[in-house]
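Enquirer: Fold the following.
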Amino acid sequence: MRLRFRTAALAGGLLLAVTFAVAAETVATAVYSRVSKGYKREKAKDGSFMPEYYAMTNGGRIDGTTSDITVDRVSYGEVAQIARRVLATQSYHLAETKEQATLLLVLNWGSTIAPNGMHKEMNVASARAALAALGETSATANQTVTSTYGGQDVAKNAAAGFNRSPQFATNEEMAVVSAAGSVEGSFLQSLVDDRVRDRLNEANARVLGYVDDLAAANGIHRYAGGGDRYSDLIGDVEESRYYIVVSAYDFKELEQKKKRKLLWHTRVSVRSPGNNFDDTYLAMLKNASLYFGQNSGKLVRGEETKGTVELGELKYLGEAKEPVAEQPAQEDEAASDEEVEP
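Expert: Below you'll find the model as predicted:
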């Protein structure tokens with residue numbers, strides 16, 4: 001924990017020491033990293049990675065995703081600065097010239113769009129109401145004594161599977177037809193909404209790096225006591241999540257042949273509810289950096305600390321040796337900071 005001591009000169013000749021502490025609040029991250037075939041990092045004799053050099057660019061939002069006020073508060077320069085620092089811990093360094101660069105790193109960040117859960121609930125309620133109405137109208141029609149009309153062979157029509165012709169139907173029979181149409185419409189609307197939901201889930205899973213794990217969890221074991229894993233993953237995908245994606249392309253291929261050859265990509269995300277992007281992107285990049293240029297093998301869940309400042313105990317240090325000059329009301333404190341590492 002880093003402590004910050006601030007000594008402030010107050011009006012009245014007193015010195016005040018205020019201690020600030022950085023609280024160890026954590027955030028749960030999910031990281032997925034994959035390396036393309038043919039890319040492999042070289043190692044030095046001591047086992048460390050050989051340095052690689054990159055250029056960096058802003059990829060912006062991924063299509064089909066969005067942002068919020070906490071995402072918009074963070075500029076590309078701020079994300080890139082932290083990214084450069086954590087990349088350096090894995091021996092990736094910003095190139096000084098284009099001749100030195102072998103990688104082009106593209107940064108994307110934003111928030112996924114959660115499906116509207118109300119649609120599903122409304123569809124289920126609508127289908128239930130339609131089925132109930134169909135049952136009531138059918139019961140009423142069955143109790144109604146229907147008359148026959150000239151030119152209509154009821155027995156022959158019934159044997160062929162036909163009901164009475166609409167022009168000869170009673171009001172009760174037409175009510176059954178209408179209710180049956182409502183049931184069919186409710187089911188069709190539910191199918192359409194489910195298809196939209198599935199497509200949105202698939203798009204979110206690709207952005208977040210959940211595709212492989214969802215496929216692995218969606219087997220027969222899901223119905224034999226192993227369904228919790230799949231449910232947990234779908235729960236993540238159907239919830240809005242902040243994401244950062246770092247994609248590495250072959251810089252020489254792009255510059256010389258205008259071809260985008262992806263060498264590796266690392267995806268990290270946290271749930272949006274309960275978090276702010278501007279408070280979590282440092283922790284997200286720190287956890288993601290452990291897998292830059294490497295295969296994670298699967299979705300890796302973990303926790304990382306994020307810093308928040310808390311006001312500590314106040315201590316009076318006594319009278320100031322020199323009188324404090326009078327200041328305007330908004331400038332009553334003249335402060336000097338000194339950071340002390342534990």
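
Enquirer: contacts and neighbour counts: CA atoms only from here.
Expert: Fine.

Enquirer: average pLDDT for stretch 111-131?
Expert: In this model, stretch 111-131 carries a mean pLDDT of 67.

Enquirer: Oh, that last question was meant for stretch 82-102, not what I typed.
Expert: The pLDDT scores in stretch 82-102 average 95.

Enquirer: Assign the residue nearest to Leu233 when sequence neighbours are not counted to helix, strand or coil.
Expert: Take Leu233 and drop its neighbours on the chain: the residue closest to it by Cα to Cα, 6 or more residues apart in numbering is Leu214, 6.6 Å away. Classification of Leu214 by DSSP: H, G, I helix; E, B strand; the rest coil places it in helix.

Enquirer: Arg222 in helix, strand or coil?
Expert: The local conformation at Arg222, judged by three-state DSSP, is helix.

Enquirer: Please read the previous query as pertaining to Tyr291.
Expert: Quick answer, by three-state DSSP: Tyr291 is coil.

Enquirer: If we ignore the residues flanking it in sequence, what's nearest it?
Expert: Ser33 (6.2 Å).

Enquirer: now swap in Ala203 and tell me
Expert: Gly64 (7.6 Å).

Enquirer: can you tell me the helix or strand for that neighbour?
Expert: Per DSSP states H and E: Gly64 is located in neither a helix nor a strand.

Enquirer: Please enumerate the strands of the chain.
Expert: Ranges of strands in the chain, per DSSP state E, are 3-10, 14-35, 52-60, 92-94, 103-111, 241-250, 262-271, 300-319, 334-340.

Enquirer: Tell me where the stretch 51-200 of the chain has helices.
Expert: Taking DSSP state H, counting those that start in this stretch to define them, one finds helices in the stretch 51-200 of the chain at 69-72, 76-88, 117-143, 154-159, 171-208.

Enquirer: OK, contacts around the closest residue to Leu299 other than its chain neighbours?
Expert: Of all residues not flanking Leu299 in the chain, Tyr32 sits nearest, at 4.9 Å (Cα to Cα, 6+ apart). Applying Cα atoms under 8 Å, 6 or more residues apart in numbering to Tyr32 gives the contacts Leu208, Gly209, Tyr210, Thr266, Arg267, Val268, Ser296, Gly297, Lys298, Leu299, Val300.

Enquirer: cutoff 10 Å now
Expert: 208-210, 212-213, 245, 265-269, 288, 291-292, 294-301 (Cα atoms under 10 Å, 6 or more residues apart in numbering).

Enquirer: repeat for Lys298
Expert: Lys298 is in contact with Val31, Tyr32, Ser33, Arg34, Gly209, Tyr210, Val211, Asp212, Asp213, Ala216, counting by Cα under 10 Å, 6+ apart.

Enquirer: One more: Leu214?
Expert: Glu202, Ala205, Arg229, Tyr230, Ser231, Asp232, Leu233, Ile234, Val237, Leu299.

Enquirer: what's the spacing between the residue lying closest to the fourth one once chain neighbours are set aside and Ala288?
Expert: On the basis of Cα to Cα, 6+ apart, the spatially nearest residue to Tyr230 that is not a chain neighbour turns out to be Ala217, at 5.1 Å. Ala217 sits at a distance of 23 Å from Ala288 (criterion: Cα to Cα, to the nearest Å).

Enquirer: Show me which of those two is the more surrounded one.
Expert: Counting neighbours by other Cα atoms under 10 Å for Ala217 and for Ala288 shows that Ala288 has the greater number, 26 against 17.

Enquirer: quick one: contacts for the more buried one?
Expert: With Cα under 10 Å, 6+ apart, Ala288 has these contacts: 29-33, 83, 86-87, 244-246, 266-269, 282, 300.

Enquirer: one more time with 7 Å
Expert: Val31, Thr266, Val268 (Cα atoms under 7 Å, 6 or more residues apart in numbering).

Enquirer: Any chance of CSV for the residues you listed, columns distance to Ala175, pLDDT and neighbour count?
Expert: Below are those laid out as CSV (distance: Cα to Cα, whole Å; pLDDT from 0 to 100; neighbours: other Cα atoms under 10 Å):
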residue, distance to Ala175, pLDDT, neighbour count
Val31, 56, 96, 28
Thr266, 58, 97, 26
Val268, 55, 97, 30
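
Enquirer: OK, contacts around Gly219?
Expert: Applying Cα under 7 Å, 6+ apart to Gly219 gives no contacts.

Enquirer: burial of Tyr53, as a residue count?
Expert: By other Cα under 10 Å, 21 other residues sit near Tyr53.

Enquirer: give me the beta-bridge partners of it?
Expert: His93 (DSSP bridges).

Enquirer: Could you do Tyr242 as well?
Expert: Ser111, Val270.

Enquirer: Confirm for me that it is in contact with Asn108.
Expert: No: counting by Cα atoms under 7 Å, Tyr242 stays clear of Asn108, with 10.8 Å between them.

Enquirer: if we can go back for a sec, list the contacts of the residue nearest to Tyr291.
Expert: Residues in contact with Ser33 (Cα under 7 Å, 6+ apart) are His265, Thr266, Arg267, Tyr291, Gln294, Asn295, Ser296.

Enquirer: Swap in 6 Å and give it another go.
Expert: His265, Thr266, Asn295, Ser296 (Cα atoms under 6 Å, 6 or more residues apart in numbering).
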